[in-house]
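Undergrad: quick one, what's the 3D model for this:
(chains A and B)
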2 protein chains.
Amino acid sequence: MLSLLLVDSEIELVPQKIASHTAVRLNARRRKKEASRMLLDATLHHTAMRNLPQAKRRGRPDIIHFFLITALESVLNHKGMLRTYIHTRNDELITVDPSTRLPKNYPRFVGLMESLFIDEAVPLKGQPLLRLSKGYSFERCLEEIPHRRVAAFSQEGKKVGLRGYFRGSEEDILCLIGGFSKGDFNSDVRSRSDDIISIYDEPLTVWTVASEIIVNYENAIDG
Amino acid sequence: MLSLLLVDSEIELVPQKIASHTAVRLNARRRKKEASRMLLDATLHHTAMRNLPQAKRRGRPDIIHFFLITALESVLNHKGMLRTYIHTRNDELITVDPSTRLPKNYPRFVGLMESLFIDEAVPLKGQPLLRLSKGYSFERCLEEIPHRRVAAFSQEGKKVGLRGYFRGSEEDILCLIGGFSKGDFNSDVRSRSDDIISIYDEPLTVWTVASEIIVNYENAIDG
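TA: Residues are numbered from 1 along each chain as shown, chains lettered A, B, ... in the order given. Predicted structure coming up:
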């Protein structure tokens, strides 16, 4: 089994501190929503975000969307060999049922994630496909997710061919990818990883790294 | 070199026939755009689309977005070994410069594609990154794109391990993927393909197939 955990992911509701900023209020009125029940989105709220700590990396639900769509629609996931998790900057853990079919349409995805942040489960009736649990530091996420080996992906890591890496270490490996587009992990990922791996000399997007991991793992278990 | 051609892709401007439908007009007013200068989008225009031929598959710019983001951000593309093309249902050919960084934000992507359909090049000043050429049937696209071998991907094809397939046929291969979520190719893809390949027994999304092709090709040329 392969588990993917997106660490320090830049997805959150609009922080109270900027909920009354003009850019946010106009957007809220247009969407007929309360500002504090909307996802923070750098494209829409960048002027309001200026005074937030780490403003330049926050508010990227689009990244999480691409990552989830890549993981959940993969052959490996169809085969039942993939578990997908999101750890957020505010120490929430989102668990995703492998059978989840997420909306491909971005505004619909945003609406769904807003419901998840408010209700902590989606759908509310029946068995939830997505769950959000609060108070999950990166370290606590590691305790929650079954694994034998932890591999973190970072441009600063050791250059490794993934085909070879996964061959022989197919058993319950947990791969960590940073859920942000700029900067480094906020969590102490290095000290908790067996290997820190780089797959290319230049920065790659989250979903590119996810594809490389997924397809190579799939090939490794296929023998 | 690997070339990817998305065939019969479901991306087009709102057809004249439904431009005055209420659902389309409301959306146009909200976006402050002329209806006929907007992309057809199944999420927004489905009631208006009912009377169009092949209504159930049309209006899926979201699929093209995921495909392009997967291809252009791949390691293979960063290495300069990938060319990406879109053939549309209305026989347009979109060529994409490999250095293109597309907007990750979906509404911004839609705006960019609308400019492309109207102006036939983006950006208008300087060297265009995206070009749209009219009157390109699937057959004419094949003439335009350098290749030695053509592999079409379809669930109806022969089950093939992609690792093995690409090993030994790395030279200028052109892979064809259907740019739609439902149904079959409108173009006569079968008669022009050297191989018709299936990589899984169940339907896969366009970007899943693209990831499998890209990562396995990359592994094959790495030796």
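Undergrad: count the neighbours of residue A:221 for me.
TA: A count of nearby residues for residue A:221, using other C-beta atoms under 10 Å in any protein chain shown, gives 15. Yep, even glycine has a C-beta here, placed from its N, CA and C like the rest.
Undergrad: in three-state terms, label it for me.
TA: helix (DSSP: H, G, I helix; E, B strand; the rest coil).
Undergrad: quick one: it and residue A:75 touch, right?
TA: No - counting by C-beta atoms under 8 Å, residue A:221 stays clear of residue A:75, with 11.1 Å between them.
Undergrad: wait, what's in contact with the closest residue to residue A:15 other than its chain neighbours?
TA: Sequence neighbours aside, residue A:52 is the residue nearest to residue A:15 in space, at 6.5 Å (criterion: C-beta to C-beta, 6 or more residues apart in numbering or on different chains). By C-beta atoms under 8 Å, 6 or more residues apart in numbering or on different chains, the contact list for residue A:52 reads A:15, A:17-18, A:58.
Undergrad: show the buried residues in the residues you listed.
TA: A:15, A:18, A:58 (16 or more other C-beta atoms under 10 Å in any protein chain shown).
Undergrad: show me which positions of the helix or strand where residue A:26 lies end up buried.
TA: Take DSSP states H and E as the rule and residue A:26 turns out to sit in helix A:22-31. Buried residues in helix A:22-31, counted by 16+ other C-beta under 10 Å: A:24, A:27-28, A:31.
Undergrad: do stretch A:87-101 as well
TA: For stretch A:87-101, the neighbour count (16+ other C-beta under 10 Å) marks A:87-89, A:91-96, A:98, A:100 as buried.
Undergrad: please name the nearest non-neighbouring residue to residue A:34.
TA: That would be residue A:28: by C-beta to C-beta, 6+ apart, it lies 6.4 Å from residue A:34.
Undergrad: what are the boundaries of the helices in chain A?
TA: Secondary structure of chain A (DSSP state H): helices at A:22-31, A:42-49, A:61-72, A:75-78, A:106-119, A:138-144, A:162-166, A:206-222.
Undergrad: list the contacts of the closest residue in space to residue A:165 that isn't next to it in sequence.
TA: Spatial nearest neighbour of residue A:165, chain neighbours left out: residue A:197 (6.9 Å); criterion: C-beta to C-beta, 6+ apart. By C-beta under 8 Å, 6+ apart, the contact list for residue A:197 reads A:151-154, A:157-158, A:160, A:162, A:165.
Undergrad: give me the contacts around the helix or strand bottoming out on mean pLDDT in chain A.
TA: Within chain A, confidence by mean pLDDT, DSSP states H and E is lowest for helix A:162-166 among all helices and strands, at a mean of 90. Residues from elsewhere that reach helix A:162-166, judged by C-beta under 8 Å, 6+ apart: A:151, A:173, A:195, A:197, A:199, A:212-213, A:216-217, A:219-221, B:219.
Undergrad: in this structure the residue nearest to residue A:34 contacts residue A:35, no?
TA: Yes - under the criterion of C-beta under 8 Å, residue A:28 makes contact with residue A:35 at 4.1 Å.
Undergrad: and the helices of chain A, which one's lowest on average pLDDT?
TA: Mean pLDDT is lowest for helix A:162-166 among the helices of chain A, at a mean of 90.
Undergrad: quick check: residues of chain A near chain B?
TA: Counting by C-beta under 8 Å from any C-beta of the partner chain, chain A comes close to chain B at A:43, A:62-63, A:66, A:69-70, A:73-75, A:78, A:104-108, A:161, A:163, A:199-200, A:202, A:204-205, A:207-208, A:211-212, A:214-216, A:219, A:222.
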